[in-house]
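A.B. asks: prediction below, plus the sequence it came from.
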Amino acid sequence: MEKNELYEEAKRLLEICRKLGAEHAQVMISGLYNVGTRFGENHITQNVGRKRLNIQIRTQLGQKIGNYAGSKLGENAEQELQNTMTLTKLSADDVEFPGFLQEQPRYPEMTDRYAEVEPEELSAVIGQIVETARGVDSRLETVAGNLNWMSNRTWLLNTHGLEAYNESSTLSGVINVAARENGESRSTLNYGSGSLATLPAEQKAREVAETAVRGLHPKEIDAGKYETILMPGAATALMNFVAFGSSSQGLVNHSSFLKDKLGEQIMDPRISIKDDTLNPDHLAARRFDSDGVPTPEITYIDNGVLKDYAYNLRNAKKLGVDSNGRNFTGFQGEMPMFFSPHVTTGSKDLDTIISEVDDGVVITNLFYNNFVNAPEGLCTGLTRDGLFRIEKGEITHSLKNMRWTDSILSIFGSAEPARDATQVKGFFFGSAITPPIRTDSFNFSSKGKH
Amino acid sequence: MEDVANQVFSTLGDKPGFQLAQIRFVAMREENLSYRNGLPFNCANLRESGTGVRVRVDNSWGFAATDSMERQDVIDTALRAFKVAKASAQVSRKPSVELAPEPIYKDSYSVRIDKDPFDIDIKDKMELLRDANQATRDASEHIRMAISNYRSRDTRVHFFSSEGSVIDQRLMFTGGSMQAVAISGAETQTRNLQNFKSRGWEAWEEFDPIATAATSGEEATILATKAEKCPSGKSTFILEPYQLGLTIHESCGHPSELDRVLGYEADFAGTSWLTPEKLNNLQYGNDKINITQNPAMEDVLGHFKYDDEGVQARSVPIVKNGIFVGYQSDREHAAMLGLDRSSGNSKSDGFDSVPIIRMNNMFLEADTSDEGFADIDALVEDTRDGIYGLQWKSHSIDDKRLNFQFATQIGYKIENGEITTPLKNVTYQAITPEFWGACSGLTRTSKIYGLPYCGKGSPNMQIGYVSHGGPWGRFEDVNVGITG
Ligand SMILES: [Zn+2]
């Protein structure tokens, strides 16, 4: 659906809610068009084109609330929304409901990006990636990955007159390459861009292929603490835990390891992280959240000091502060979070940082990371796709994967970011921008088998 | 619908390279109700309906979806799926592969629903949730957060294949979770009891929400006030069916999915250590270990009669007497490995998702031999020293599924054949074949649980609904109490 049609549909749905007895209502409607392709063993395995609407409606009757979520409503909208109204009427008072925004906020400026692509164009890029990666070295046998074009046009309207609109399209994907010589070495890298013309597919294919070859013939190391350089993929994986910890949801349900730490020095003074939601390079760039609250740039870790949590209207009301516009609403509920982290860069380039490490490791990616115990920030996971040894300032050889178990605040407690940042897709539904980060100590708790 | 499907088949049938089309008309509704600390919280109803068309052209797949079931929209979507398949063929598999054959079915099926949950008054549902929530909060003054959740999903799938199958299925699941967070001093601890079944309202009644909610509150309080830290080192370790099921899910379920074995999940979930040359050759565990996948089993979450490419569900052994003997597959991947039939594991999570190989119901068989223990009490009585771990708190496993580390919500010390001190932050870590090779006892009793959260697929991840379980099991020399 086009922008105007979506607007008219949102208006129509609000009117139906009113007609069915809602005191107030809010509609978020997104027209989603997605073309995504996936490949493995050097060929395309899946290819998908989807067109649909995502609709979220909230109806209010005093302090009673009902929610609807789903696809296109069409002619049966009245019948479906009647169910939501029944849910609203028969519910009990939710005294923590903050109400809908009653005034039209001024949203910050942001450059919208929207460009359509065809499935044939994506397939052509895949063909280039497979050819380029395999061409790097004769030991490169198979290439896998995906490339996803996702676009959406979103309106948020409520019966107080709030109107907010956002449109965007993004291209992003993954390349995974396997090199084989008396064993297998795989490596994975993200790539993404606003358009096909600027997509760095071949450059990334070469880069990931070179890492896979370097990963051949790994040696073993023992479990223990190592000075470690976290490449952007690995650093981003750890930022996930910081995102959970800095969500006000974790304050409300007592699961956050950053609870009661506002204003404290929680990380190395060299670490600053901002949520730059307005940067159009981010996959989750936006100018308002699912409450309609503007989303300004926020530095939430400033020289290692925790400066802010991510709020939505609901948690802000409960905790007695103003929302800073970080809400995301899905069918399973609301989750405010800093979705677009950007780690401030340091002064030394990566080579200099490596040259200063006497005995340590480089981690390309981390995999299957999870809290072991969320309230204390203890986490675990494994290395993947390239673990390398540094000896006397030089990368000497690759290593078999290791399991890590460590506290997030201890990892970043003594840490130094490098000079050049890259964007890493896969930060929830968005992306992170981060340089490699060196930490004094990273704990490997057991050996992997490959 | 059949008329629209036939028009699609005749429209596509004349196009060069066309081989197969599968159409799914899907109508899904869901109700998700919660109470949090005495207040209704995020109560929602969900409706998703639309059409997914999968087309095979020149031995390549294309898929397209629309949130409409109207004739012209479906035909346009099918033509888009054809165009997408043609695009896939630009970078196609060489040599190409035929799909594993499957009979044609004309059938209609519904899971067993004694009481339709959508016919139960919302007021009654909300009052029951409110009372359950109160039961958690009444457990002790240490309860700081109580979340009580009820969920039911009802899905109608009409499947049409250009090969001739016409299958109509009504699938449903119902269940919920009772979560409690208790705080005492600096200690914050959580207990979360949940279960889901492919049944109607009766599954929720059987879950016994109020009693379950009270238990979650009581055990969270024990964790926060009385439980000791899990000791570190090697230990005999006993798991109950829920957490044993999670261990199966991660260490046997995912690595036996044939798509990841053959390298087609490398961009996201990883690959697998269960490579094809190990089939029928590998000692996966000791001879007590028998793991079976069977989505045809009635009532369990993930149950269906036909998968999303029209393959009839059936029981397939994955591990037999400790030997690795089977994969989970779909028609294409089965053919790639030269298997004569798909195991019937092709599933999508909605009308707009492409079917992929999914785990559904996988469990460890109980030990019905003389060696099997009568129940958990008998197993504990036979154990000198050890730790008993219950239910999922955290999980992690590598991309080939060999090194896993889990945390359980609560644990207990076993001393001289008796359960003694409660333990908090219980963790265990092992290497898959070493763990299953060190099984020293299983019960004759067993239980299966439903878990509605398994992520797989890329670039758009799908959520799967799975069930797992089996007997209570004992394992020797397991690393426990992993620290940072
Ligand atoms: Zn899973």
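C.D. replies: Right, received. Where do you want to start? Quantities reported herein were computed from a predicted structural model and do not represent experimental measurements.
A.B. asks: help me confirm that B:Trp436 is found in a helix?
C.D. replies: Yes: assignment of B:Trp436 by DSSP: H, G, I helix; E, B strand; the rest coil places it within a helix.
A.B. asks: which one is it nearest to, not counting chain neighbours?
C.D. replies: B:Gly285 (2.8 Å; CB to CB, 6 or more residues apart in numbering or on different chains). Using the backbone N, CA and C atoms, a C-beta is placed for each residue, glycine as well.
A.B. asks: isn't the one you found up against B:Gly322?
C.D. replies: Yes: with contact defined as CB atoms under 8 Å, B:Gly285 and B:Gly322 form a contacting pair (4.8 Å).
A.B. asks: the more surrounded of the two?
C.D. replies: Neighbour comparison, B:Gly285 and B:Gly322: the larger count goes to B:Gly285, with 26 against 20 (by other CB atoms under 10 Å in any protein chain shown).
A.B. asks: three-state assignment of that one?
C.D. replies: coil.
A.B. asks: A:Leu87 in helix, strand or coil?
C.D. replies: Three-state assignment for A:Leu87 (three-state DSSP): helix.
A.B. asks: distance of it from A:Ile221?
C.D. replies: 56 Å (CB to CB, to the nearest Å).
A.B. asks: any idea how far B:Val480 is from A:Asn369?
C.D. replies: 21 Å.
A.B. asks: compare these two and say which one has the larger neighbour count.
C.D. replies: B:Val480 (22 against 16).
A.B. asks: who does that one bridge with?
C.D. replies: The bridge-partner assignment for B:Val480, based on DSSP bridges, gives B:Gly233, B:Tyr428.
A.B. asks: show me the domain layout of chain A.
C.D. replies: A:3-212, A:218-447 (automatic domain parsing).
A.B. asks: need those domains in CSV (columns: distance to chain B and mean pLDDT).
C.D. replies: Shown next, in CSV, are those (distance: least, CB to the nearest CB, whole Å; pLDDT from 0 to 100):
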stretch, distance to chain B, mean pLDDT
domain A:3-212, 4, 95
domain A:218-447, 4, 96
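A.B. asks: columns distance to B:Val57 on top of those domains, output as TSV?
C.D. replies: Output for those, formatted as TSV (distance: least, CB to CB, whole Å):
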stretch	distance to B:Val57
domain A:3-212	10
domain A:218-447	30
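A.B. asks: burial of B:Ala224, as a residue count?
C.D. replies: 25.
A.B. asks: which SS class is A:Arg314?
C.D. replies: A:Arg314 carries the three-state label helix when classified by three-state DSSP.
A.B. asks: contacts only, for residue 160.
C.D. replies: Looking at chain A here, since you left the chain open. A:His24, A:Phe100, A:Leu101, A:Gln102, A:Glu103 (CB atoms under 8 Å, 6 or more residues apart in numbering or on different chains).
A.B. asks: my question was about chain B, not that one.
C.D. replies: Counted by CB under 8 Å, 6+ apart, B:Phe160 has contacts B:Met1, B:Glu2, B:Ala5, B:Asn6, B:Phe9, B:Gln22, B:Ile23, B:Val166.
A.B. asks: okay, now residue 116: neighbour count?
C.D. replies: No chain was given, so I picked chain A. A:Glu116: 11 neighbours (other CB under 10 Å).
A.B. asks: should've been chain B
C.D. replies: 13.
A.B. asks: would you list the phi and psi of it?
C.D. replies: Phi and psi for B:Asp116, reported as degrees, to the nearest 10, are phi -70, psi 120.
A.B. asks: leaving out sequence neighbours, find the closest residue to residue 19.
C.D. replies: No chain was given, so I picked chain A. Distances taken as CB to CB, 6+ apart place A:Glu78 nearest to A:Lys19, at 7.8 Å, with adjacent residues excluded.
A.B. asks: chain B was what I was after
C.D. replies: B:Arg56 (4.4 Å).
A.B. asks: what's the burial count for that neighbour?
C.D. replies: 23.
A.B. asks: and what of A:Gln332?
C.D. replies: A:Gln332: 15 surrounding residues under other CB under 10 Å.
A.B. asks: ok, A:Phe367 next?
C.D. replies: A:Phe367: 22 surrounding residues under other CB under 10 Å.
A.B. asks: starting at the chain centroid, how far to the helix or strand A:Trp149 falls within?
C.D. replies: Under the criterion DSSP states H and E, the helix or strand holding A:Trp149 is strand A:140-158. Distance of strand A:140-158 from its chain centroid, counting by CA atoms, centre = their mean, to the nearest Å, is 12 Å.
A.B. asks: neighbouring strands - and their directions - for that strand?
C.D. replies: According to DSSP bridges, strand A:140-158 forms sheet pairs with strand A:24-40 (antiparallel), strand A:163-180 (antiparallel).
A.B. asks: just to revisit the earlier point, shared neighbours of B:Gly285 and B:Gly322, which are they?
C.D. replies: B:Trp436, B:Gly437.
A.B. asks: distance check, A:Asp308 against B:Ser329.
C.D. replies: Counting by CB to CB - A:Asp308 and B:Ser329 are separated by 49 Å.
A.B. asks: of the two, who's got more company?
C.D. replies: Legend: neighbour count by other CB under 10 Å for A:Asp308 and B:Ser329, higher for B:Ser329 (28 against 18).
A.B. asks: now do the contacts for that one.
C.D. replies: Here B:Ser329 is in contact with B:Ala100, B:Leu258, B:Leu337, B:Leu339, B:Ser342, B:Ser343, B:Asn345, B:Ile357 (CB under 8 Å, 6+ apart).
A.B. asks: pick out the most distant pair among the residues you listed.
C.D. replies: Using CB to CB, the contacts of B:Ser329 reach their maximum pairwise distance at B:Leu337 and B:Asn345, which is 13.5 Å.
A.B. asks: which of these two has more neighbours?
C.D. replies: Using other CB under 10 Å as the criterion, B:Leu337 and B:Asn345 rank with B:Asn345 on top: 30 against 15.
A.B. asks: that one contacts B:Asp307, doesn't it?
C.D. replies: Yes: with contact defined as CB under 8 Å, B:Asn345 reaches B:Asp307; the gap is 6.4 Å.
A.B. asks: ok, which stretches of the chain are helices?
C.D. replies: I went with chain A, as the question did not name one. Along chain A, the segments classed as helices by DSSP state H run A:3-19, A:77-90, A:119-135, A:201-214, A:232-245, A:248-252, A:313-319, A:350-355, A:408-411.
A.B. asks: my question was about chain B
C.D. replies: Remark: helices assigned in chain B by DSSP H are B:2-13, B:71-89, B:122-137, B:201-207, B:209-225, B:241-248, B:258-261, B:331-336, B:376-381, B:432-437.
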